[in-house]
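Trainee: build me a structure from this.
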Amino acid sequence: MAKIYGIELKGVTRFKGHEGEPLTQGNIYMDGKKVGYYSDDFHGGPINLQIDEPYKEKFYKIVHAHIGEDKFMADEIFIEDLVNLGEFEKDFKRAMKKGYKAMMVVDHPSRYPISINTTDKSVENTIKWLDENGYEEYKVDGKYNITPYINIVQFTLHMRG
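Mentor: Okay, here's the model as predicted:
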């Protein structure tokens, strides 16, 4: 299960917003215990985030450790990171069942991330493939931001230090 510093989402369901955009909602678990829930807003507003009082301080300490102290809407970014990590984990499991050796996730600050399944673990070969197949718009300052996933344990992030 995808986790960031001991926090994970369970029971995630999908629904559509008022303009048909994809939204999610689910339960928030910390160290294996349900501590709250979240739901994307139907009209595009901020997420509805409810954390049980005894866990709020620890939850936000973890959010700020992952996102940063001064980030606007850090809790929403954190939940989005968890949702994306969970989706990539599902994609990774499917790719491994189909015989792929790695999944490369290409991120960009103003685009949705893309994942590419590959039969080798070479980031260089992925860069070559991206260039040959018209993905130059994913470059930032002339480079791709690629995270290679080759093992299921990479979907559990641990705090440093």
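Trainee: check what pLDDT the residue of the chain most remote from its centre gets.
Mentor: Residue farthest from the centre of the chain, counting by CA atoms, centre = their mean, is Glu132 at 26.6 Å. pLDDT recorded at Glu132 is 94.
Trainee: ok, it to Thr126 distance?
Mentor: Separation of Glu132 from Thr126 (CB to CB, to the nearest Å) stands at 11 Å. From N, CA and C alone the C-beta is placed, and that goes for glycine too.
Trainee: name the helices or strands packed onto the lowest-mean-pLDDT helix or strand in the chain?
Mentor: Lowest on mean pLDDT, DSSP states H and E among the helices and strands of the chain sits strand 111-118, with a mean of 88. Contact analysis of strand 111-118 by 3 or more CB pairs under 8 Å, 6 or more residues apart in numbering; DSSP states H and E lists helix 74-97, strand 102-108, helix 123-132 as its packing neighbours.
Trainee: buried deepest among these, which one?
Mentor: Highest mean neighbour count of those: strand 102-108, a mean of 19 (counted as mean count of other CB atoms under 10 Å).
Trainee: listing partners with orientation, what would you give for that strand?
Mentor: Paired neighbours of strand 102-108 in the sheet (DSSP bridges): strand 111-118 (antiparallel), strand 145-149 (antiparallel).
Trainee: tabulate these (CSV), appending mean neighbour count and distance to Met73.
Mentor: As requested, these are exported to CSV (neighbours: other CB atoms under 10 Å; distance: least, CB to CB, whole Å):
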stretch, mean neighbour count, distance to Met73
strand 111-118, 14, 18
strand 145-149, 16, 21
